[in-house]
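K.L.:
Following is a predicted model, sequence given first.
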Amino acid sequence: MKSNMFKALTILAAALAIAVPMIQAQSRLDARVPFAFIAGEKSMPAGSYEISTSGAAPVLCSLETNQSRFLMNSIHLQDWNAKSSKLVFHKYGDQYFLSEVWNASSGAGIELLPSQREKEARIASNKVPETVIVAMK
């Protein structure tokens, strides 16, 4: 009897361990980005965006052009003290590069690895990038 109870509890715990992060991970956030920017190697126009985190890699989608971009080259971060959902950009001159995406409700974020274009912009500017934050809702 104890063996069956232990097996049932083990299965239930495993199911919860899998289901809870998946439920928490599925979210959609909206942002209005007032400038054109680069996400990875892809140029994105200024406008309204939706960030979906329902799959393995977050997806950035322009609500105006339906242009989308998987945010593949990223490192997953955790900060339970994240106070706001936001997009973080690195700015070199007049070029903006998407650097981080934070979801305050889950405390989860991603940091995009610098693309070749961003590395070239950093070298060309010979400066530390300016950080620009856009709030999401």
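P.N.:
Looks like it arrived, so ask away.

K.L.:
Now do the contacts for Glu41.
P.N.:
If you count contacts by C-beta atoms under 8 Å, 6 or more residues apart in numbering, Glu41 has them with Ser115, Gln116, Arg117. (Glycine included, C-beta is placed from N, CA and C.)

K.L.:
Would you map the strands across the protein?
P.N.:
Secondary structure of the chain (DSSP state E): strands located at 28-33, 37-39, 42-44, 47-52, 59-62, 68-70, 74-78, 86-92, 95-103, 108-112, 130-135.

K.L.:
Figure out which of the ones you listed is closest to Ala124.
P.N.:
strand 86-92 (7.3 Å; C-beta to C-beta).

K.L.:
and that closest one, average pLDDT?
P.N.:
Summarised as a single mean, pLDDT over strand 86-92 is 96.

K.L.:
Ok, stretch 105-115 next?
P.N.:
Per-region confidence: stretch 105-115 scores 89 on mean pLDDT.

K.L.:
ok, Leu77 touching Ile110?
P.N.:
Yes: proximity of Leu77 to Ile110 meets the contact threshold set by C-beta atoms under 8 Å, at 6.5 Å.

K.L.:
residues shared between the contacts of these two?
P.N.:
Going by C-beta under 8 Å, 6+ apart, residues that sit against Leu77 and also against Ile110 are Glu100.
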